[in-house]
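[1] Sequence unavailable; structure follows:
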């Protein structure tokens, strides 16, 4: 279905930093505490951890720069925008060296010195390492739709931007770089462009959708164009979260007046069974609401059954086509489930609006019957109020089934 990308004119949003909050695992916290304790026995303060008296009277924290730190990573650790730290530094700019003391202002989401996160193990990630595949610090730093790129000799921001289908300005913004100076070995968080494939993280989705669990889960957090109904069930594999955000962004670009989309359950933080579902156990499933001609009163706080008359066919088609365009990608959509009657309405709308018949036929189970073993979208009872989307396992992930 890769040819569908051009046909359906899918437009995805270039990702901004901060799209996903990585779930901290117990092993991450234990490792940080152990390293801090070891440093304390030597009479040293671990690099990257605030020291006694580092909180200023006006609030905020002084961060001691550790090897490999960037202003972007420091800002993410304390819940800040990199530009807030850059403004606080004034003439000092974005250049930092190990041992420097960086004042982190009391910005939204920042922590006090007494609650500052323990330092995480440094990563030895390779170039283009997908989020989730590097060490804990890099996994937390990498946002949805981003990769961590390790700068090699001869790299330039322009060359890196071209490689990942993004812009120099986006890389600068996400790493709080004032200029174009980068050095070999430096780790850069690089936002992927609209057309760049989303690299799936390995080792997160374990087992099967009906009998599985999650490791180091990514969390879908609040963002433009959607409402999360149950935040405690908004965990998934990182590539699933990134694909969902990109699909919603595509709809917003094509239908800016469409109402916010209700997003139902993904998985629990550690996966496993959750009430109301047989699947949704391994972080590869997500229930998405639908778009309506007129937003129902209870929506998006609740899913509301749609009919061919109440469904906003154009906006819902944009959502489905954005998701379907990933079907040939590693970790892309494996299957979608939707009521047969709504399939029929969308099938007819697509043909009437010039989508080639063979593309529409590959997408829908309709008109071959509710039990027909064909189509990316299949009928399942009780799916007239939402679209159930299941994503594939990464090809190289042996633990995902």
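    In hand now; what should we look at? Being a predicted model, the structure only gives us computed values, none of them experimental. Numbering: from 1, shown residues only.

[2] can you count the residues close to residue 150?
    20 (other Cβ atoms under 10 Å). C-beta here means a position set from N, CA and C on the backbone, and glycine is covered the same way.

[3] What pLDDT is listed against it?
    Residue 150 is assigned a pLDDT of 88 by the prediction.

[4] and it, backbone torsions?
    phi -90, psi 120 (degrees, to the nearest 10).

[5] Kindly report the same for the one 10 residues further on.
    Taking degrees, to the nearest 10, you get phi -70, psi -40 for the backbone angles of residue 160.

[6] Which parts of this structure are helices?
    If DSSP state H is used as the criterion, the helices of the chain fall at 4-8, 26-41, 71-77, 82-89, 136-141, 157-163, 168-175, 238-254, 313-324, 340-352, 357-363.

[7] Using TSV, please lay out those together with mean neighbour count, distance to residue 220 and mean pLDDT.
    What follows is the helices of the chain, written out as TSV (neighbours: other Cβ atoms under 10 Å; distance: least, Cβ to Cβ, whole Å; pLDDT from 0 to 100):
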stretch	mean neighbour count	distance to residue 220	mean pLDDT
helix 4-8	17	24	39
helix 26-41	13	20	33
helix 71-77	24	17	71
helix 82-89	17	22	78
helix 136-141	25	16	37
helix 157-163	16	27	82
helix 168-175	19	19	81
helix 238-254	26	5	92
helix 313-324	24	15	96
helix 340-352	18	24	97
helix 357-363	16	25	94
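
[8] So for residue 181, which of the ones you listed sits nearest?
    Proximity to residue 181 (Cβ to Cβ) singles out helix 157-163 among these, at 9.1 Å.

[9] The closest one packs against which elements?
    Using 3 or more Cβ pairs under 8 Å, 6 or more residues apart in numbering; DSSP states H and E, the elements in contact with helix 157-163 are helix 168-175, strand 187-191.

[10] all strands of the stretch 201-350 of the chain, in order?
    205-208, 211-214, 218-220, 226-228, 235-236, 261-263, 285-288, 333-337 (DSSP state E, counting those that start in this stretch).

[11] and of the ones you listed, who's closest to residue 97?
    strand 218-220 (31.5 Å).

[12] Describe which strands the closest one pairs with in its sheet and in which direction.
    Strand 218-220 has the following strand partners under DSSP bridges: strand 20-22 (antiparallel), strand 235-236 (antiparallel).

[13] Return the most buried member of the strands of the stretch 201-350 of the chain.
    strand 235-236 (a mean of 27; mean count of other Cβ atoms under 10 Å).

[14] quick one: average confidence on that strand?
    97.

[15] List of residues touching that strand?
    Residues outside strand 235-236 that contact it (Cβ atoms under 8 Å, 6 or more residues apart in numbering): 23, 214, 217-220, 266-269, 271, 283-286.

[16] Next up, the contacts around residue 204.
    Residue 204 neighbours (Cβ under 8 Å, 6+ apart): 132, 214-218, 237-238, 283.

[17] Let's see that with 10 Å instead.
    Residues near residue 204 by Cβ atoms under 10 Å, 6 or more residues apart in numbering: 23, 131-133, 139, 213-218, 235-240, 271, 282-284, 394, 397, 399-400.

[18] what do you get for residue 304?
    Counting by Cβ under 10 Å, 6+ apart, residue 304 has contacts 262, 289-290, 292, 295-298, 310, 384-386.

[19] Let me have these in JSON lines, adding distance to residue 169 as columns.
    Output for the contacts of residue 304, formatted as JSON lines (distance: Cβ to Cβ, whole Å):
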{"residue": "262", "distance to residue 169": "33"}
{"residue": "289", "distance to residue 169": "34"}
{"residue": "290", "distance to residue 169": "36"}
{"residue": "292", "distance to residue 169": "37"}
{"residue": "295", "distance to residue 169": "35"}
{"residue": "296", "distance to residue 169": "40"}
{"residue": "297", "distance to residue 169": "42"}
{"residue": "298", "distance to residue 169": "41"}
{"residue": "310", "distance to residue 169": "42"}
{"residue": "384", "distance to residue 169": "44"}
{"residue": "385", "distance to residue 169": "41"}
{"residue": "386", "distance to residue 169": "37"}
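
[20] Take those and lay them out in a markdown table including pLDDT.
    Listed next are the contacts of residue 304 as a markdown table, based on pLDDT from 0 to 100:
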| residue | pLDDT |
| --- | --- |
| 262 | 98 |
| 289 | 98 |
| 290 | 98 |
| 292 | 98 |
| 295 | 97 |
| 296 | 97 |
| 297 | 96 |
| 298 | 96 |
| 310 | 98 |
| 384 | 98 |
| 385 | 98 |
| 386 | 98 |
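
[21] From those residues, list the buried ones, please.
    262, 289-290, 292, 296, 384-386 (16 or more other Cβ atoms under 10 Å).

[22] and those, which two are the farthest apart?
    So, the buried ones among the contacts of residue 304 by Cβ to Cβ: farthest apart are 262 and 384, at 14.1 Å.

[23] The closest residue in space to residue 395 that isn't next to it in sequence: how many residues sit nearby?
    Take residue 395 and drop its neighbours on the chain: the residue closest to it by Cβ to Cβ, 6 or more residues apart in numbering is residue 330, 5.1 Å away. Residue 330: 16 surrounding residues under other Cβ under 10 Å.
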